[in-house]
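[1] Output the structure for:
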Amino acid sequence: MLLLPAGCVYGFHGGGLPRDVRTVAVLPFDNQTPNPDLQVQLLEAMRRGVDSRLGVRDASESRADAIVRGAITRYDVDIPIGYSASTAGAPVTGTRRKLELSVDVEIVNQRTGKTLWARKGLVADGEYAERAESDGRRQAVQKIVSDIIEGAQSQW
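    A predicted model of the protein is given here:
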């Protein structure tokens with residue numbers, strides 16, 4: 001019984017971020033890949049995720065208590081993972097592919113300059129049917145966002 005009140009001292013404000021972090025600015029990640037859509041897709045997904053899952057409000061960089069910044073360091077597509085063919089020996093009729101996305105990310109308290117959470121080489125993948133790369137990209141972006149949010153939440 002005594003453990004419950006002691007455990008509640010930490011609370012869940014800011015999803016594991018310090019109590020003084022109430023607003024966060026998600027900056028566009030530096031895109032070091034040839035895919036221009038990736039930066040915008042990741043930025044939008046990060047903003048939605050931070051707002052809904054970390055318990056903080058979105059703010060401009062100049063007004064935010066903390067910032068999320070990073071770089072998209074790798075985007076590999078068309079990694080074959082499976083084939084399907086007809087039973088009559090006809091040519092391949094469909095291919096499953098995989099893509100991998102890698103980012104470096106950090107969350108920094110702007111008031112103290114202290115890094116609250118950081119990860120280099122965070123990798124996620126997504127599977128997709130042939131000619132449906134955007135489906136795989138969407139999966140990988142969502143996995144990256146979830147990993148970042150879970151990492152920030154684990155700090156409490």
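
[2] pLDDT at Gln142, what is it?
    Looking at Gln142, its pLDDT reads 97.

[3] mind listing what the closest residue to it other than its chain neighbours touches?
    Excluding the flanking residues, the one nearest Gln142 by CB to CB, 6 or more residues apart in numbering is Ala45, at 6.5 Å. For every residue, glycine as well, the C-beta is placed using N, CA and C. Contact analysis of Ala45 by CB atoms under 8 Å, 6 or more residues apart in numbering lists 141-142, 144-145.

[4] which among the residues you listed gets closest to Ser62?
    Val145 (23.9 Å; CB to CB).

[5] Could you check the pLDDT of the closest one?
    Looking at Val145, the pLDDT reads 97.

[6] In the helix or strand hosting it, which residues are buried?
    For Val145, the enclosing helix or strand under DSSP states H and E is helix 133-153. Buried residues in helix 133-153, counted by 16 or more other CB atoms under 10 Å: 133, 136-137, 139-141, 143-145, 147-149, 151-153.

[7] so where's this protein uncertain?
    1-15, 82-94, 155-156 (pLDDT under 70).

[8] For it, just list every one of the helices.
    3-8, 37-53, 133-153 (DSSP state H).

[9] Tell me how far the last one lies from the chain's centre.
    A distance of 4 Å separates the centroid of the chain from that of helix 133-153, by CA atoms, centre = their mean, to the nearest Å.

[10] other SSEs contacting the helix holding Val145?
    helix 37-53, strand 66-85, strand 92-109, strand 115-129 (3 or more CB pairs under 8 Å, 6 or more residues apart in numbering; DSSP states H and E).
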